[in-house]
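Take a look and give me a structure for this.
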Amino acid sequence: MHDVADLALDLADFISASPTPYHAVAEAVARLTAAGFTEQAETAEWGTTPGGRYLVRDGTLLAWWQRSEIAPLRIFAAHTDSPTLKVKPLPDTGAGGWRQVAVEVYGGALWNSWLDRDLGLAGRLSLYDGTSVLVNVARPLLRVPQLAIHLDRSVNQGGLTLDPQQNLLPIWGLGSYGEGDLLAFLADVADVDAGEIAAHDLVVHDLTPPARLGEHGELLAAPRLDNLSSVHAGITALVDTAERDPSTTPVFVGFDHEEIGSATATGAAGPLLETLLTHLAGGFDARSRVFAASRALSCDVTHAAHPNYLHLHDPGHRALPNQGPSLKVNANQRYATDAPGAAAWQRACRTAGVGSQFFVGRNTVPCGSTVGPIIATRLGIRTVDVGIPVLSMHSARELCGVDDPAHLVAASTEFLTDAT
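Residues are numbered from 1 along each chain as shown. Below is the predicted model:
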């Protein structure tokens, strides 16, 4: 098993390098390349030489070990996106002598957590020549200021209400605004001609770096733990499987757009994973047999038991940090876990020497869902839902246990190499 402190620090570095799905994919590709993986272009013939491969489309990444023979598939699925504020196509706006950025909400965030924070801006700029470049302003550039209590004296009694159209526009300076101001600034950062920018995908990101906290440093606070903690674990586990030479075919997929429903070309409901797995199974005619012997792990963060709101958790199925990854179960299949899949995960945890805990939502508090049910429905592959417990899910800054990243990697490596 990886040293827990070292892997927590590595996760922190991964998160800091990954303010957007595109940056997360680029960082993961750098790590895969260092481990000897080579790129498989979508427009090229599928390679058959044994070795590590990866395929990138936008904010989605697939990576796998190509084997010389057909073998059962062991899939680790996560998502690369997180709730945020996305910049609108015409970003320049303002009011009352302030320069602002026009944004729209992406996903279901705790928007109050984005107030009064130093924010950066990152994403990709698509140029007229057909290329795209990544850009990351990793210094305080934006801020969404909260209204002073003197102007809203009932806020602490009645609760904060935010109109996303009116109250979430970041400021980035004083004075009048002009069309093209923001893109001209970003063009300078990216060292491209502003007139060559045809379109963009840009999001706001929190600049507070990850940090350990607690008396013994047993907790890790960071942005985008949902779900970069899982992406990091999956990539690390996939690389670690190389030392095993398993009799399985390990596969990693990090989907974009999970936070907005997955129904996109690069989301879990799209065709990318099915196309890859059909190739690895030896073609359409053979895939039903291979899929029947395959298993998938849907990895996404779980709600940790909140000490101030324990009444919102099921008393017998609460998850806590540093007690092992959570095995997520839902009778209505909001999570894809069934008994045989749960047994496979429990076996992986036992072999890895890490704890495992069940998470089931309270009957009166409906749970969310993951890419797990989509994979199970689309492919018919047995799928189990797991994840590390976090507090403040969908906040600008979330909290997990320091031990959990290493425990998740250890158990996931066993899952990917278990041919049972």
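
residue ranges with poor pLDDT in the stretch 51-200 of the chain?
Of all residues in the stretch 51-200 of the chain, none has pLDDT under 70.

Which residue ranges of it form strands?
51-57, 60-66, 73-79, 84-95, 98-106, 119-127, 132-142, 171-174, 197-206 (DSSP state E, counting those that start in this stretch).

will you turn these into JSON lines that also has mean neighbour count?
Bear in mind the C-beta positions are built from the backbone N, C-alpha and C, glycine included. Formatted as JSON lines, the strands of the stretch 51-200 of the chain follow (neighbours: other CB atoms under 10 Å):
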{"stretch": "strand 51-57", "mean neighbour count": "18"}
{"stretch": "strand 60-66", "mean neighbour count": "25"}
{"stretch": "strand 73-79", "mean neighbour count": "27"}
{"stretch": "strand 84-95", "mean neighbour count": "18"}
{"stretch": "strand 98-106", "mean neighbour count": "18"}
{"stretch": "strand 119-127", "mean neighbour count": "22"}
{"stretch": "strand 132-142", "mean neighbour count": "17"}
{"stretch": "strand 171-174", "mean neighbour count": "15"}
{"stretch": "strand 197-206", "mean neighbour count": "20"}
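
can you put the ones you listed in a markdown table and add distance to Glu398?
Output for the strands of the stretch 51-200 of the chain, formatted as a markdown table (distance: least, CB to CB, whole Å):
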| stretch | distance to Glu398 |
| --- | --- |
| strand 51-57 | 26 |
| strand 60-66 | 22 |
| strand 73-79 | 15 |
| strand 84-95 | 13 |
| strand 98-106 | 16 |
| strand 119-127 | 16 |
| strand 132-142 | 19 |
| strand 171-174 | 25 |
| strand 197-206 | 10 |
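
Of all those strands, which one is nearest Glu39?
Judged by CB to CB, the one of the strands of the stretch 51-200 of the chain that comes nearest to Glu39 is strand 51-57, at 6.0 Å.

show me what contacts the closest residue to Ala63 other than its chain neighbours?
Closest residue to Ala63 apart from its sequence neighbours, by CB to CB, 6 or more residues apart in numbering: Tyr54 at 4.1 Å. When contacts are counted by CB atoms under 8 Å, 6 or more residues apart in numbering, Tyr54 touches Val29, Leu32, Phe37, Thr38, Glu39, Gln40, Leu61, Leu62, Ala63, Trp64.

Go through the residues you listed and name the one nearest Val239.
The closest of the contacts of Tyr54 to Val239 turns out to be Leu32 (CB to CB; 7.1 Å).

Looks to me like the closest one is in a helix.
Yes: read with DSSP: H, G, I helix; E, B strand; the rest coil, Leu32 is one of the residues of a helix.

Grab the CA positions of stretch 95-111 and hand them over as CSV.
The C-alpha trace of stretch 95-111 is given here as CSV (Å, rounded to 0.1, in the frame of the first residue of the first chain):
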residue,chain,number,x,y,z
ALA,A,95,-22.9,47.4,-13.2
GLY,A,96,-22.5,50.4,-10.9
GLY,A,97,-18.9,51.1,-11.9
TRP,A,98,-17.8,47.5,-11.5
ARG,A,99,-16.4,45.2,-14.2
GLN,A,100,-17.9,41.7,-13.9
VAL,A,101,-17.9,38.3,-15.7
ALA,A,102,-21.2,36.8,-17.0
VAL,A,103,-21.5,33.2,-15.8
GLU,A,104,-24.1,30.5,-15.6
VAL,A,105,-24.3,27.7,-13.0
TYR,A,106,-22.8,24.3,-13.8
GLY,A,107,-24.2,21.5,-11.7
GLY,A,108,-25.8,21.8,-8.2
ALA,A,109,-23.3,23.5,-6.0
LEU,A,110,-23.6,25.1,-2.5
TRP,A,111,-23.4,28.5,-4.0
